[in-house]
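Novice: missing the sequence, but the structure's below:
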């Protein structure tokens, strides 16, 4: 069973699911205008998505997720429920975003970037707290961001970095564990995602 409200000019490939009903009391998935959902992708009921949404293949968007306008969700990427994504965001192939994560506007998440929300999996019973990725942040490929970390506006997380502490705005985070450095002059503090 599916339940969805679709805007105009929405294309859903055969083999994609929009409005997967996991609970009969949850409202429909809502997708704005000019969207493309490619085969293998599954979007749960109760998800709200703005205009201009585009997925790769086999992406997953779980319940209680809200997505702004002009967002790209790459192949095999996962928004694992209760995630908030701003507008003009590019989420590349293989990205994992756990529940309770907030992503601002004009954010870039590179291939296979991983966010986490549980500081002690299966060891200590604590509330899950995903990271907060503020506006104009870029996260490089294979970077990992730990629970309850805030990556400040305009910051840049280098490929492969493991971010364990808050990153101040307009700062470069690099290495394992990530060290903070001034943002190089060649990197402006705003992303150019149109």
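Specialist: Looks like it arrived, so ask away. As the structure is a computational prediction, the values presented were derived from the model and not from experiment.

Novice: sheet partners, orientation included, of the lowest-mean-pLDDT helix or strand in the chain?
Specialist: Every helix and strand of the chain was ranked by mean pLDDT, DSSP states H and E. The lowest is strand 4-6, at a mean of 94. In the sheet containing strand 4-6, the strands it pairs with under DSSP bridges are strand 29-31 (parallel).

Novice: chain center to the strand it pairs with, what's the gap?
Specialist: 17 Å (CA atoms, centre = their mean, to the nearest Å).

Novice: what average pLDDT does that strand get?
Specialist: Averaged across strand 29-31, pLDDT comes to 97.

Novice: residues contacting it, please?
Specialist: Around strand 29-31, the neighbours that count as contacts under CB atoms under 8 Å, 6 or more residues apart in numbering are 2-7, 10, 18-20, 37, 43-49, 53. For glycine as for every other residue, the C-beta is placed from the backbone atoms N, C-alpha and C.

Novice: which ones among those residues map onto helices?
Specialist: Here DSSP state H is the test, and the contacts of strand 29-31 give no hits in helices at all.

Novice: ok, back up a step: tell me what whichever helix or strand comes after the least confident helix or strand of the chain is packed against?
Specialist: Sequence-wise, the next helix or strand downstream of strand 4-6 (DSSP states H and E) is strand 11-12. Other elements packing on strand 11-12 under the criterion 3 or more CB pairs under 8 Å, 6 or more residues apart in numbering; DSSP states H and E are strand 36-37.

Novice: residues making contact with the strand it packs on?
Specialist: Outside strand 36-37, the residues that touch it by CB under 8 Å, 6+ apart are 10-13, 16, 18, 31, 43, 53-55.
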